[in-house]
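> Dropping a prediction and its sequence here:
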Amino acid sequence: MSLIDLGIGRPNTRDLPLEELRTASIHVFAREDANILQYGPEAGDQLVRTSLANFLTAQYGTTIAPMHLTMTYGASHALDLILSRYTRPGDTILVEDPTYFFALKIFRGRDLNILPVRMDDHGVDLTDLRLQLHLHSPRLLYTIPTLHNPTGIQLAAERRQSMLELTGQYNCLIVADEVYQLLSDSHSAPPLRSYDAVHVLSVSSFSKILAPGIRLGWIEASEQHQIELLKCGVLHSGGAASPFVSSIVHEMITSGVQRKVLDRLRSFYQRRVDWAAEILRDHLPEEVTFYHPQGGFFLWLQGPEHLDCEQLRPDAVAVGVDYRPGTLFSCRNGFRNCLRICCTYYSENETETAMKILCRLLQASI
């Protein structure tokens with residue numbers, strides 16, 4: 001029996017823009033400019049940052065300046081770079097509960113004291129956030145405000161300003177993981193830095209809007225933060241992140257192909273999420289609920305309190321299905337009655353088959 005792992009959080013390889021990237025690469029090589037094979041300036045090539053800034057300005061509807069961008073080897077590198085400059089072992093940071101599990105691994109690798117902040121269907125619970133800020137004076141808050149991973153929740157527009165004002169009162173930086181921002185629909189709230197350009201460092205990547213193997217991301221932050229970030233010894237030694245790949249991405253952006261790829265992926269992922277949600281509505285036991293996001297990759301299921309999705313997982317694997325249990329996303333080992341599934345990696349037939357098996361398993365367990 002082959003395993004269908006609904007826990008895999010990535011696109012299907014067949015949906016990646018291979019031909020578009022091939023064409024862009026041909027155009028780059030046709031220029032016969034060997035400078036793309038050299039080390040680059042620490043923040044990234046000026047032309048690349050300018051084209052990215054113009055692209056983000058058009059997508060966000062708010063002006064992005066090239067000087068506020070530092071290129072990175074993806075969002076994970078961006079996050080670790082910020083931690084290297086703004087935290088030390090033992091510092092306290094706040095995270096949403098639940099949150100992205102690989103971010104938790106990065107924080108633990110830095111020996112940080114990780115404390116949870118409750119969430120509801122509209123994002124961060126401001127009352128709990130105020131309490132945690134008052135009690136612990138954290139160095140920073142890590143948040144995923146748009147198409148939150150794992151829940152898919154959008155931080156409500158009316159909470160964004162309040163959250164920023166609250167963290168500002170306690171001199172707490174915000175690191176906004178906005179890798180899904182560009183996959184959200186046009187009615188979503190704008191990125192967090194549009195509310196506060198000083199206290200927010202925004203992290204994003206081409207992994208979700210182009211291809212994971214590109215390994216190119218960016219940090220958007222104020223000039224003061226950029227100065228601090230560029231003190232990193234790794235950047236001094238190696239120069240800019242991926243000058244060669246950046247040149248191809250620059251071609252994708254300036255030719256207009258990146259916008260077309262993004263439009264296609266955004267629409268595709270929205271259809272996939274809607275389709276998967278419909279299957280769950282038809283087959284999940286009524287005791288299990290889920291949040292229906294407006295796009296992205298994931299669906300977050302919540303069962304009754306007595307359900308233990310971590311304990312149930314080996315039974316699921318035995319019948320050919322896997323997922324990610326809720327405890328993986330919690331710094332306090334919570335959400336045992338929850339699980340996350342991805343609906344973008346497998347074909348529709350494979351995904352539907354696996355979801356129906358999972359629904360039957362949950363029914364039998366309840």
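Alright, I've got the coordinates.

> wait, doesn't P41 sit right on G239?
Yes: using C-beta atoms under 8 Å, P41 is in contact with G239, at 6.8 Å. Any C-beta I mention is one placed from the backbone N, CA and C, and that applies to glycine too.

> Identify the residues contacting the closest residue to L69 other than its chain neighbours.
Distance criterion C-beta to C-beta, 6 or more residues apart in numbering; nearest residue to L69, sequence neighbours excluded, is R49 at 4.7 Å. Neighbouring residues of R49 by C-beta atoms under 8 Å, 6 or more residues apart in numbering: A43, P66, M67, L69, M71.

> okay, R49: pLDDT?
For R49, the model assigns a pLDDT of 97.

> Where does it fall, secondary structure wise?
Here R49 sits within helix 46-60, counting by DSSP states H and E.

> who does the helix or strand that that helix is followed by touch, helix- and strand-wise?
Counting by DSSP H and E, the next helix or strand C-terminal to helix 46-60 is strand 69-72. Under the contact definition 3 or more C-beta pairs under 8 Å, 6 or more residues apart in numbering; DSSP states H and E, strand 69-72 sits against helix 46-60, helix 75-86, strand 217-220.

> so of these, which one's packed in deepest?
Across those, averaging neighbours per residue (mean count of other C-beta atoms under 10 Å) puts strand 217-220 on top, at a mean of 26.

> That strand pairs with which strands, and in what direction?
Sheet neighbours of strand 217-220, with direction, are listed as strand 69-72 (antiparallel), strand 200-205 (antiparallel) (DSSP bridges).

> could these go into JSON lines alongside distance to V288?
What follows is the strands paired with strand 217-220, written out as JSON lines (distance: least, C-beta to C-beta, whole Å):
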{"stretch": "strand 69-72", "distance to V288": "38"}
{"stretch": "strand 200-205", "distance to V288": "32"}
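
> what about P41 and G239, which has more around it?
Comparing P41 with G239 by other C-beta atoms under 10 Å, the one with more neighbours is G239, at 17 against 14.

> can you pull the contacts of that one?
Contact analysis of G239 by C-beta under 8 Å, 6+ apart lists Y39, G40, P41, E42.

> SS state for the first one?
Spelled out, it's Y39. State at Y39, reduced to three classes by DSSP: H, G, I helix; E, B strand; the rest coil: coil.

> Check what pLDDT it gets.
Here the pLDDT value assigned to Y39 is 90.

> Dump stretch 175-193 to PDB, restricted to CA.
Taking C-alpha atoms only, stretch 175-193 is exported to PDB below (Å, rounded to 0.1, in the frame of the first residue of the first chain):
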ATOM      1  CA  VAL A 175       8.600  39.600  12.800                       C
ATOM      2  CA  ALA A 176       5.900  39.000  10.200                       C
ATOM      3  CA  ASP A 177       6.200  35.800   8.300                       C
ATOM      4  CA  GLU A 178       4.300  36.900   5.100                       C
ATOM      5  CA  VAL A 179       5.200  34.100   2.700                       C
ATOM      6  CA  TYR A 180       1.500  33.600   2.000                       C
ATOM      7  CA  GLN A 181       0.600  37.300   1.600                       C
ATOM      8  CA  LEU A 182       0.800  37.300  -2.200                       C
ATOM      9  CA  LEU A 183      -1.400  34.100  -2.300                       C
ATOM     10  CA  SER A 184      -4.300  35.900  -0.600                       C
ATOM     11  CA  ASP A 185      -7.100  37.500  -2.500                       C
ATOM     12  CA  SER A 186      -7.500  41.200  -3.200                       C
ATOM     13  CA  HIS A 187      -9.800  41.700  -0.200                       C
ATOM     14  CA  SER A 188      -7.100  40.700   2.300                       C
ATOM     15  CA  ALA A 189      -5.600  43.200   4.700                       C
ATOM     16  CA  PRO A 190      -2.300  44.700   3.500                       C
ATOM     17  CA  PRO A 191       1.100  43.600   4.900                       C
ATOM     18  CA  LEU A 192       1.900  44.500   8.500                       C
ATOM     19  CA  ARG A 193       4.700  47.000   7.500                       C
END
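
> Now find how far off-centre it is within its chain.
Centroid separation for stretch 175-193 versus its chain: 10 Å, with C-alpha atoms, centre = their mean, to the nearest Å.

> Just the buried residues of it, please?
175-184, 188-189, 191-193 (16 or more other C-beta atoms under 10 Å).

> Skip the chain neighbours and tell me the closest residue to F244.
Counting by C-beta to C-beta, 6+ apart, the residue nearest F244 is I36, at 5.2 Å.

> wait, isn't that neighbour in contact with S242?
No: taking contacts as C-beta under 8 Å, I36 lies outside contact range of S242: 10.1 Å.

> ok, these two, which is more surrounded?
Of the pair I36 and S242, S242 is the one with more neighbours under other C-beta under 10 Å, namely 21 against 17.

> Might one say that the more buried one is in contact with G213?
No: contact between S242 and G213 fails when scored by C-beta under 8 Å: they sit 11.2 Å apart.

> Can you tell me the number of residues neighbouring the residue nearest to G296 when sequence neighbours are not counted?
Nearest residue to G296 in three dimensions, chain neighbours excluded: L147, at 3.8 Å (C-beta to C-beta, 6+ apart). Using other C-beta under 10 Å, the number of residues around L147 comes to 27.

> Please give the three-state secondary structure assignment for L147.
Put simply, L147 is coil when judged by three-state DSSP.

> Model confidence for it, exactly?
96.

> now the one 3 residues further on
Looking at P150, its pLDDT reads 98.

> got the phi/psi numbers for the closest residue to it other than its chain neighbours?
Leaving out its chain neighbours, the residue that sits closest to P150 by C-beta to C-beta, 6+ apart is R340, at 4.0 Å. Note on R340: its backbone torsions stand at phi -120, psi 140 [degrees, to the nearest 10].
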